[in-house]
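Enquirer: My questions are about this predicted structure, shown below with the sequence.
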Amino acid sequence: MVHYTDPGPERDAVMNSVEVAERILDYINETIREQEGWEILRTISQHLWIGRGRLDLTAPPRNMGQPKLLEDGMLCKAKSGGAAACVFVQ
């Protein structure tokens with residue numbers, strides 16, 4: 001739309017609207033990404049045990065904020081060809 005709008009106040013308003021829409025959509029995408037990460041951590045936590053207690057990766061630690069999933073997937077060793085499932089949490 002910006003390309004088809006003549007320079008002036010109307011074009012400025014269109015450009016401002018595009019910037020606002022991009023910020024809103026970035027916020028929505030990040031919120032969805034965080035929710036999906038939380039769901040993955042919750043699923044993993046159901047199968048993590050330390051001694052007789054379950055390790056809850058979704059519970060906030062005492063001195064930090066809500067845990068956040070940074071990355072999950074397979075980690076492969078180049079020389080031996082071995083692989084392990086890994087989860088990186090902040």
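Expert: Thanks, I have the structure now.
Enquirer: From now on I want contacts and neighbour counts done on CA atoms only, so please keep to that.
Expert: Noted.
Enquirer: Please report how far Val20 lies from Tyr27.
Expert: Separation of Val20 from Tyr27 (CA to CA, to the nearest Å): 11 Å.
Enquirer: again, but for Leu75
Expert: For Leu75 relative to Tyr27 (CA to CA), the value is 30 Å.
Enquirer: Please apply the same query to Arg54.
Expert: 33 Å.
Enquirer: With only the CA atoms kept, save stretch 64-73 in PDB.
Expert: Provided in PDB are the C-alpha atoms of stretch 64-73 (Å, rounded to 0.1, in the frame of the first residue of the first chain):
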ATOM      1  CA  MET A  64      15.100 -15.700  38.500                       C
ATOM      2  CA  GLY A  65      12.000 -15.300  36.300                       C
ATOM      3  CA  GLN A  66       9.900 -17.800  34.500                       C
ATOM      4  CA  PRO A  67      12.000 -20.500  32.800                       C
ATOM      5  CA  LYS A  68      12.200 -20.100  29.000                       C
ATOM      6  CA  LEU A  69      12.900 -22.800  26.400                       C
ATOM      7  CA  LEU A  70      15.800 -21.700  24.300                       C
ATOM      8  CA  GLU A  71      16.200 -24.700  22.000                       C
ATOM      9  CA  ASP A  72      15.300 -28.400  21.900                       C
ATOM     10  CA  GLY A  73      16.300 -31.200  19.500                       C
END
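Enquirer: Mind listing what's buried along it?
Expert: For stretch 64-73, a neighbour-count test (16 or more other CA atoms under 10 Å) marks Pro67, Lys68, Leu69 as buried.
Enquirer: quick one: contacts of it?
Expert: The contact list for stretch 64-73 (CA atoms under 8 Å, 6 or more residues apart in numbering) reads 34, 37-38, 41, 57-61, 85-90.
Enquirer: Tell me which of these fall in strands.
Expert: Ala85, Cys86, Val87, Phe88, Val89 (DSSP state E).
Enquirer: and the closest residue to the third one other than its chain neighbours, helix, strand or coil?
Expert: To tie it back to what came earlier, the one meant is Val87. Residue nearest to Val87 in three dimensions, not counting chain neighbours: Asp72, with 4.4 Å by CA to CA, 6 or more residues apart in numbering. Three-state secondary structure (criterion: DSSP: H, G, I helix; E, B strand; the rest coil) places Asp72 in strand.
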